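Colleague: sequence? don't have it. structure:
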């Protein structure tokens with residue numbers, strides 16, 4: 001089940017890249033969710049509105065493919081590859097079917 005949630009998250013991200021519907025994408029997050037990009041000079045976003053605003057300010061143009069998913073209860077670690085090249089890892093912490101936390105790191 002948990003690996004399926006991570007793959008669905010990647011699909012939802014790719015759909016938002018294609019259509020720019022970041023507000024709809026951010027509905028996947030809990031009201032107090034935190035999204036971080038620890039390696040980048042990007043402020044931490046707390047809550048769906050802040051997450052959507054961050055994506056609106058700096059919208060990604062590349063889609064991603066999950067290359068591996070490791071699940072441990074309510075946490076998934078997802079290795080991914082960008083469509084334009086490059087790789088990274090996401091750590092997703094779930095509260096049921098919604099994201100409580102998302103950390104994105106780039107290789």
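Modeller: Structure's in. What do you need? Predicted, not measured: the structure shown is a model, and the values here were computed from it. Numbers count the residues shown, from 1 in each chain.

Colleague: Now do stretch 91-107: everything it contacts.
Modeller: The set of residues external to stretch 91-107 that reach it, using Cβ atoms under 8 Å, 6 or more residues apart in numbering, is 2, 5-6, 9, 28-30, 32-40, 74-78, 86-90. From N, CA and C alone the C-beta is placed, and that goes for glycine too.

Colleague: Equivalent analysis for stretch 13-24, please.
Modeller: With Cβ under 8 Å, 6+ apart, stretch 13-24 has contacts from 25, 48, 51-52, 55-56, 59-64.

Colleague: Just the ones of the contacts of stretch 91-107 in strands?
Modeller: 29-30, 32-36, 75-78, 87-90 (DSSP state E).

Colleague: Work out the gap between stretch 10-23 and the centre of the chain.
Modeller: With Cα atoms, centre = their mean, to the nearest Å as the basis, stretch 10-23 stands 10 Å off its chain's centre.

Colleague: buried residues in that stretch?
Modeller: For stretch 10-23, the buried set under the neighbour-count rule, 16 or more other Cβ atoms under 10 Å, comprises 10, 12-14, 16-17, 22.

Colleague: returning to that earlier point: which among the contacts of stretch 91-107 end up buried?
Modeller: Looks like the contacts of stretch 91-107 have 2, 5-6, 9, 28-30, 33-37, 76, 78, 88-90 buried, using 16+ other Cβ under 10 Å.
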